[in-house]
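# got a predicted structure plus its sequence, pasted below:
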Amino acid sequence: MSVDLGELATQIRHWGRELGFQQVGIADIDLTLAEQRLDAWLADGHQAGMDWMAAHGRKRSRPADLEPGTLRVISLRMDYLPADIATMELLRDPDKAYISRYALGRDYHKLIRKRLGKLAEQIRHAVKDSELARAFVDSAPVMEKPLAEKAGLGWQGKHTLIINRKAGSWFFLGEIYTDLPLPLDQPASNHCGTCSACIDICPTAAIIAPYQLDAGKCISYLTIEHKGAIPTELRPLIGNRIFGCDDCQLVCPWNRFARHSEEGDFQPRHGLDQASLLELFMWTEEEFLHRTEGSPIRRTGYAGWLRNLAVALGNGSRSAEVIAALQQRQKDVPEMVKEHVDWALERLCSTTAG
């Protein structure tokens, strides 16, 4: 191989920044410790209904099993936090819908995958005898957070998200597997210290211990991945969060260094950063499909959307308009959704509802 790998690594970082990534790091593929932690997490059943976390054998924790020949993983991060949008104020308004900040704009998968594809092509063009440069963005069994930590992009915080000392945690991750023995970056060190803000704030106590998340209690899982009924005891704790939850990031002290995204695709669409619960609840399925086209929100499906909104309305202000809307929906929704509508009506109409 005639190419200078150190110079190539420098060039890859430059290309990455040109493509809109804020940081690029390079890691080896030894995920022994991460594999042990994953095994323990799965054995405890904390993956809830995410059966795919246990699928694919060891391909998730052994990159060379997923892509034979892999020697290094190029890990990249891209900021996504929109500027000038209400956050804590929105969570305190029982009539407004709170959508996780990452989902307000277009689906990040396509944007980042396209950028990573361009970077992979640049690498293949620069090194003719390289046979592997494959990009991933939540598209395969990849342990993106442990790899990002090894690549120096940040450390895995007590809420299990990656935190960067200079940029907080409001960013997406992507990876490129390569057969090039590129020089490694220094792994990030942990700077959570004694802070427990993320654990203390979690509405459903889903962070059961530092660095341990029970997905079955997590609002992000319940409102996005979960397809059935939300456990009754957790519904009052969800508040007005209808797609995801950002509480653990909102209170993290390191996010005072977070950078706002300049990507137009990550800016709020269709007024979703200020929409009322009632407005969204009355969307027809056609409106839902139209207004969530190209959005991560599509993942929950229309039934999941109505389910989440019914719970949020049940946690919100009691008004004749809301009660009438819920009663109207009782007649035209699937049984799973109706259960949540009934719960909301009972909660709002109860003399003890608070």
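Okay, I see it. Numbers count the residues shown, from 1 in each chain.
# the domain parsing of this protein - what is it?
Under the assignment automatic domain parsing, the domains of the chain span 1-87+101-267, 276-354.
# any idea of the mean pLDDT in the last one?
Taken as a whole, domain 276-354 carries a mean pLDDT of 94.
# again, but for stretch 198-214
Per-residue pLDDT values over stretch 198-214 give a mean of 98.
# ok, and the closest non-adjacent residue to Arg298?
Using Cβ to Cβ, 6 or more residues apart in numbering and skipping residues adjacent in sequence, the residue nearest Arg298 is Thr292, 4.8 Å away. (Glycine included, C-beta is placed from N, CA and C.)
# cool, and Ala258?
Ranked by Cβ to Cβ, 6+ apart and with sequence neighbours excluded, the top spatial neighbour of Ala258 is Gly168, at 3.4 Å.
# one more: Phe266?
Once flanking residues are discounted, Phe266 sits nearest to Gly105: 4.2 Å by Cβ to Cβ, 6+ apart.
# would you map the strands across the protein?
Using DSSP state E, the strands found in the chain span residues 23-27, 72-79, 98-99, 133-136, 155-156, 162-163, 171-178, 207-209, 212-213, 241-243.
# ok, of the ones you listed, where does mean pLDDT dip lowest?
Mean pLDDT per stretch puts strand 133-136 lowest among these, at a mean of 88.
# quick one: it to chain centroid distance?
Distance of strand 133-136 from its chain centroid, counting by Cα atoms, centre = their mean, to the nearest Å, is 20 Å.
# quick one on the thing from earlier: what about the residue nearest to Ala258, neighbour count?
By other Cβ atoms under 10 Å, the residues close to Gly168 number 22.
# list the contacts of it.
By Cβ atoms under 8 Å, 6 or more residues apart in numbering, Gly168 lies in contact with Gln249, Cys252, Trp254, Asn255, Arg256, Phe257, Ala258, Arg259.
# and the pLDDT at the last one?
Model confidence at Arg259, given as pLDDT, is 93.
# so Arg269 touches Ile99, yeah?
No. Between Arg269 and Ile99 there is no contact under Cβ atoms under 8 Å: 10.6 Å.
# neighbour count: those two, which is higher?
The neighbour count for Arg269 versus Ile99, taken as other Cβ under 10 Å, is higher for Ile99 (25 against 17).
# distance check, the residue nearest to Phe266 against Ala325.
27 Å (Cβ to Cβ, to the nearest Å).
# higher neighbour count, the two?
Neighbour totals were compared for Gly105 and Ala325, and Gly105 leads with 23 against 20 (other Cβ under 10 Å).
# contacts only, for that one.
Each residue near Gly105 by Cβ under 8 Å, 6+ apart is listed here: Tyr80, Pro82, Glu263, Asp265, Phe266, Gln267, Pro268, Arg269, Ser295.
# any idea how far Gly301 is from Arg307?
Arg307 sits 9 Å away from Gly301, going by Cβ to Cβ.
# which one of the two has more residues nearby?
Set side by side, Arg307 and Gly301 show more neighbours around Arg307, with 28 against 15, by other Cβ under 10 Å.
# pretty sure the more buried one sits against Met336.
Yes. Counting by Cβ under 8 Å, Met336 is a contact partner of Arg307 at 6.7 Å.
# quick check: neighbours shared by these two?
In contact with both Arg307 and Met336: Ala229, using Cβ under 8 Å, 6+ apart.
# and for Ala55, nearest residue in space, chain neighbours not counted?
Per Cβ to Cβ, 6+ apart, closest to Ala55 is Pro141, 7.2 Å.
# of all residues in the chain, which one is nearest the centre?
What sits nearest the mean C-alpha location of the chain, by Cα atoms, centre = their mean, is Tyr102, with 7.0 Å.
# which residues does it contact?
With contacts defined as Cβ under 8 Å, 6+ apart, the neighbours of Tyr102 are Tyr80, Tyr108, Trp170, Phe172, Gly244, Phe266, Pro296.
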